[in-house]
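# with the sequence up front, the predicted model follows.
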Protein chains: 2
Amino acid sequence: MTPVAAYDALTARFKRMNLVRDAIAMLDWDSAAMMPDGGSSARAEQIAALKVLAHEQACDPVLADLFAAARGDGPWQEANLREMRRDWAHATALPADLVEARSKAVSECEMRWRTARKANDFKGLLPALRRVLDLTKEVAAIKAAKLGLSRYDALLDEYEPGGSSAEIDPVFDDLAAFLPAFTDAALERQAKRPAPLPLEGPFPAEAQKALAHDLMAGVGFDFAHGRLDTSHHPFCGGVPDDVRLTTRWDENDFAKGLMGVLHETGHAMYERGLPPEWRNQPVGFARGMSAHESQSLLVEMQACRSDAFLRFLAPKAAAAFGKSGPAWTAENFATVYRRVHRGLIRVDADEVTYPAHVILRYRLERALIEDRMDLSDLPGAWNDGMKALVGVVPPDDRDGCLQDIHWPGGAWGYFPTYTLGAMTAAQLFAAAKAAVPGIEPGLAKGDFAPLMGWLRANWHALGSSMTTREMLIRATGKPLDPAVFKAHLTARYLAG
Amino acid sequence: MTPVAAYDALTARFKRMNLVRDAIAMLDWDSAAMMPDGGSSARAEQIAALKVLAHEQACDPVLADLFAAARGDGPWQEANLREMRRDWAHATALPADLVEARSKAVSECEMRWRTARKANDFKGLLPALRRVLDLTKEVAAIKAAKLGLSRYDALLDEYEPGGSSAEIDPVFDDLAAFLPAFTDAALERQAKRPAPLPLEGPFPAEAQKALAHDLMAGVGFDFAHGRLDTSHHPFCGGVPDDVRLTTRWDENDFAKGLMGVLHETGHAMYERGLPPEWRNQPVGFARGMSAHESQSLLVEMQACRSDAFLRFLAPKAAAAFGKSGPAWTAENFATVYRRVHRGLIRVDADEVTYPAHVILRYRLERALIEDRMDLSDLPGAWNDGMKALVGVVPPDDRDGCLQDIHWPGGAWGYFPTYTLGAMTAAQLFAAAKAAVPGIEPGLAKGDFAPLMGWLRANWHALGSSMTTREMLIRATGKPLDPAVFKAHLTARYLAG
């Protein structure tokens, strides 16, 4: 077989496998947004059957011969081959019995976690969580050998291709040294300023939805290629040509939900902006979790919490809900949307303290994977870390080390991508504003076109043709630089 | 391999294949009810990929060995094996190039039909339709040889397993001899009675939806296992444990749409009532198109147009829309819902003339498949048949032989199932009422439980464990008997 024919055969096989994965993505969206409760068993069987089929395609022995023979023509085909190999390596690295054992252990542990968290019972969760950790370490060891990476990096690679703790450590250490004193300073300044005036509802779901649709359209969301529906946990699902966003409407508080929709819209814009000529090919996919989170946080944190956008948003929201008065000014929106507090819960954390929550988890999960800590010591280490990094100590494990589903759910190596994404967002936004003078005037009118034009060319359209690090250097002239994120925080929380 | 092991291996394979088909069913529903327009290309590729996978599973050469070795234990397993073989025979009968050529010809012909119908241009459609017919005849010849059936019956078997023109002919001939004079008589009687009073809207979609939900619940639809949404063409989709119904809301006319919802609810009740212990096995599926249509028409035509139900419905609908007056009485609803007229269009036809439309199509498609007529003679034969059976002659082909998408769409052998279903509905309803005295009192309160209890035991729960004919004999004591349908029409349209 010629190198070209082998490459073409691989693209046909990966296209087909990825179409099955797309079908799974649509069914997952339906499960969350549409499916009646009684459909869940049938749905689980459908999805399991499709996953087996996709996995069997990945394990077809003929792929080895095709990879041996194939050669890509030009950088995109070469990158596509590289990404196919990465996908293949992850998909075929593990023996079937380990995959099954881990999948069962995760289901069991997630179930126990729901009750253990409510009951504040870390000891009760420990055996199930230890089982998940042990099997995850097995996975890590096998993938580490196969990919030539450390155990932690082998786990990280699934979410953050090409990422490494060697790159993350100095960045996170830098932030960890900065955040405690910065948080003190931000809180001190905040205390001297007016407290937020409450935005008083109720806010009818229909009015929230109309406002959200309007703002999404301003960001550039194309409703001919996507929808917004409701689900218990908001997410961005579907496929690039048919993006399915979900949210929840809280009729007493529109502010949080609205930023949630804008966050998901940032994810959606990335998916829609991926190179259409590489649909269903690995090189056409979003680059990884931090690259993805950078886009949602760029929209939510950088653009939508900017002074320019809040000047547009405050009167817009007031009109949408028929409100007026001093609470409905850009100044008050800024105090609402930039409130810093030392909280226990990561998902409720603000922009300043969120990275501290993440750095804690990153350090702990690495220590656990690398056998530098025993799982039974987690609660104490958690509380020590919270005290040092956030400045509060959880009164119990419920609001401490039991709060996240990630570890019981088997997602080890995932946490750092949140903060890598936040830092990448700050760096991209600074570069975009420097390159395109129209961005801030656009935001002041709710028009994201100038920003999205730059992002499309400098981020979205690159797919997986290079590493996240290379993309960032290409777009901003340098790799991830904590100074940019720190400058952003300083400007927003200490200046003026 | 032991006969038991071979049987078990077959059930595992068919389960998996049918789970893929279930996934396709959910994606089809989404395409019609949820998907934004821009998602259509991606969706077409997803569905095509899943269809190829299901087909490959059906064509796995190991199936022949398993079928040779397998034996079923007891009547349900034996029936399951028989249905697996039927599925396998249909799925593997045709060479891939014929399937592809026919699929392309159908796509082309459907596209041309849309413009040809608008332009009243039968000649313009003729070459594309001839191509579809020729390829369909090829399919029929191959399946006829494989299944040991006539060419027409081989096509019919896909929709109506075990059905045959030898059984249909005498039944349809009987009806064809009855209908013209009966239609004259029904119209004569109708002319002597008060015309329907108009039900004046508007009828807000939300109010229609609330009424529909209420009535569906009365029929027994379980919203924990299904939904009602909107789509351009109403249908019953999804899977037995998660039935997805769709409808359209016409704010000027609720009457037609409401009966449409009740029709689809009849389909849904059949799917939900299939034997749960045989999910995803061929013996657990609905028996065929006439068996399915019998359930929708039993609900819509037999139960919901009965005097008992209309007495319940009229005040219910009046309350739902805040109406009152002489138009909102059971008597007026009966004139609205039982109006007979000699129309040109099948989908708009009433209960009396609908069978005449179907018999015409059945006779013509048989003549075409059996080479007893040339396609160029279709318009003349159509008009002659309309004159003889319905008593009107289409002024043009647009409202004549160009009105249905079935033939351009490749659905040959489908038409008779509509009227077989209508007759089966009448026969089942008569038997049910004779067996269960509570059925009519139930309908008078909008409560279908007594009727559904009988249908579940005597129809739904049988799955595909026997032929439609055997089911009907088991449930009513005799095979399909046109006298019952004629008696129903006579009682409803001539008596009193």
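Structure's in. What do you need? Numbering: from 1, shown residues only, chains lettered A, B, ... in the order given.

# now A:Asn120. Nearest residue, chain neighbours left out?
Take A:Asn120 and drop its neighbours on the chain: the residue closest to it by CB to CB, 6 or more residues apart in numbering or on different chains is A:Arg398, 4.2 Å away. Yep, even glycine has a C-beta here, placed from its N, CA and C like the rest.

# next up, the contacts around that neighbour.
Going by CB atoms under 8 Å, 6 or more residues apart in numbering or on different chains, A:Arg398 touches A:Arg117, A:Lys118, A:Asn120.

# drop anything exposed from the residues you listed.
In terms of neighbour count (16 or more other CB atoms under 10 Å in any protein chain shown), the buried residues within the contacts of A:Arg398 are A:Arg117.

# could you dump the contacts of A:Arg398 into TSV and include secondary structure and pLDDT?
Output for the contacts of A:Arg398, formatted as TSV (DSSP: H, G, I helix; E, B strand; the rest coil; pLDDT from 0 to 100):
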residue	secondary structure	pLDDT
A:Arg117	helix	96
A:Lys118	helix	96
A:Asn120	coil	97
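
# and which of the contacts of A:Arg398 is nearest to chain B?
Taking CB to the nearest CB as the measure, chain B lies nearest A:Lys118 of the contacts of A:Arg398, at 25.2 Å.

# and A:Arg244, that's in a strand?
Yes: applying DSSP: H, G, I helix; E, B strand; the rest coil, one finds A:Arg244 inside a strand.

# that one bridge partners, please.
A:Arg227, A:Gly237 (DSSP bridges).

# ok, of the contacts of A:Arg398, which one's closest to B:Asp250?
When the contacts of A:Arg398 are compared for distance to B:Asp250 (CB to CB), A:Lys118 wins out at 49.1 Å.

# I'd like to check which residues are in contact with that closest one.
A:Arg398.

# swap the cut-off to 10 Å and go again
A:Arg398, A:Leu402 (CB atoms under 10 Å, 6 or more residues apart in numbering or on different chains).

# A:Pro326 now?
Neighbours of A:Pro326 in contact, by CB under 10 Å, 6+ apart: A:Pro194, A:Leu197, A:Asn332.

# chain B contacts on the stretch 251-400 of chain A?
Those residues of the stretch 251-400 of chain A that sit near chain B, judged by CB under 10 Å from any CB of the partner chain, are A:Arg272, A:Arg279, A:Asn280.

# tell me which element A:Asp229 is part of?
strand A:226-230 (DSSP states H and E).

# contacting residues around that strand?
Residues outside strand A:226-230 that contact it (CB under 10 Å, 6+ apart): A:29-30, A:32-34, A:205, A:209, A:212-213, A:216, A:221, A:234, A:236-249, A:261, A:264-265, A:268, A:271-272, B:34-36, B:38-39.

# write the ChimeraX selection for whichever of the residues you listed are buried.
Buried members of these, defined by 16+ other CB under 10 Å, are picked up in ChimeraX with:
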select /A:29,30,32,33,34,209,212,216,221,234,236,237,238,239,240,241,242,243,244,245,246,247,249,261,264,265,268,271,272 /B:34,35,36,38,39
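
# just give the nearest non-adjacent residue to the spatially most central residue of chain A, would you?
Centroid-nearest residue in chain A: A:Glu293, 4.1 Å away (criterion: CA atoms, centre = their mean). The shortest distance from A:Glu293 to any non-neighbouring residue, by CB to CB, 6+ apart, is to A:Gly421 (2.6 Å).

# circling back: out of the residues of the stretch 251-400 of chain A next to chain B, which sit inside strands?
Using DSSP state E, no member of these sits in strands.

# can you point out the buried residues in the host helix or strand of A:Trp76?
Using DSSP H and E, A:Trp76 sits within helix A:75-92. In terms of neighbour count (16+ other CB under 10 Å), helix A:75-92 has its buried residues at A:76-77, A:79-84, A:86-88, A:90-92.

# roughly how far is that helix from the heart of the chain?
22 Å (CA atoms, centre = their mean, to the nearest Å).

# what does A:Val239 show for phi and psi?
phi -130, psi 160 (degrees, to the nearest 10).

# my bad, A:Asp350
phi -90, psi 180.

# not counting its neighbours along the chain, what's nearest it?
Leaving aside its chain neighbours, A:Asp350 sits nearest to A:Val340 (5.1 Å; criterion: CB to CB, 6+ apart).

# count the residues that sit near the one you found.
The tally of other residues near A:Val340 (other CB atoms under 10 Å in any protein chain shown) stands at 19.

# so where is chain A shaky, pLDDT-wise?
Low-confidence regions of chain A, defined by pLDDT under 70, span residues A:496.

# at 90 what do you get?
A:1, A:96, A:495-496 (pLDDT under 90).

# immediately after the biggest helix by length in it, which helix or strand?
Taking DSSP state H as the assignment, the helix of chain A that covers the most residues is helix A:3-33. Sequence-wise, the next helix or strand downstream of helix A:3-33 (DSSP H and E) is helix A:40-58.

# and that next one, what does it pack against?
Using 3 or more CB pairs under 10 Å, 6 or more residues apart in numbering or on different chains; DSSP states H and E, the elements in contact with helix A:40-58 are helix A:3-33, helix A:75-92, helix A:96-118, helix B:3-33, helix B:40-58, strand B:236-239, strand B:242-247.

# dump the residue contacts of the residue of the stretch 101-250 of chain A found nearest chain B.
In the stretch 101-250 of chain A, the residue that lies nearest chain B is A:Asp242 (3.0 Å; CB to the nearest CB). When contacts are counted by CB under 10 Å, 6+ apart, A:Asp242 touches A:22, A:25-26, A:29, A:224-227, A:271-272, B:30-31, B:34-43, B:46.

# now the residue nearest to A:Asp350: phi and psi?
phi -100, psi 140.

# swap in A:Leu375?
The phi and psi values for A:Leu375, taken as degrees, to the nearest 10, are phi -60, psi -30.

# so what's it up against?
Here A:Leu375 is in contact with A:Phe122, A:Leu125, A:Leu126, A:Pro127, A:Leu129, A:Arg130, A:Val132, A:Leu133, A:Asp134, A:Leu368, A:Cys401, A:Trp407 (CB under 10 Å, 6+ apart).
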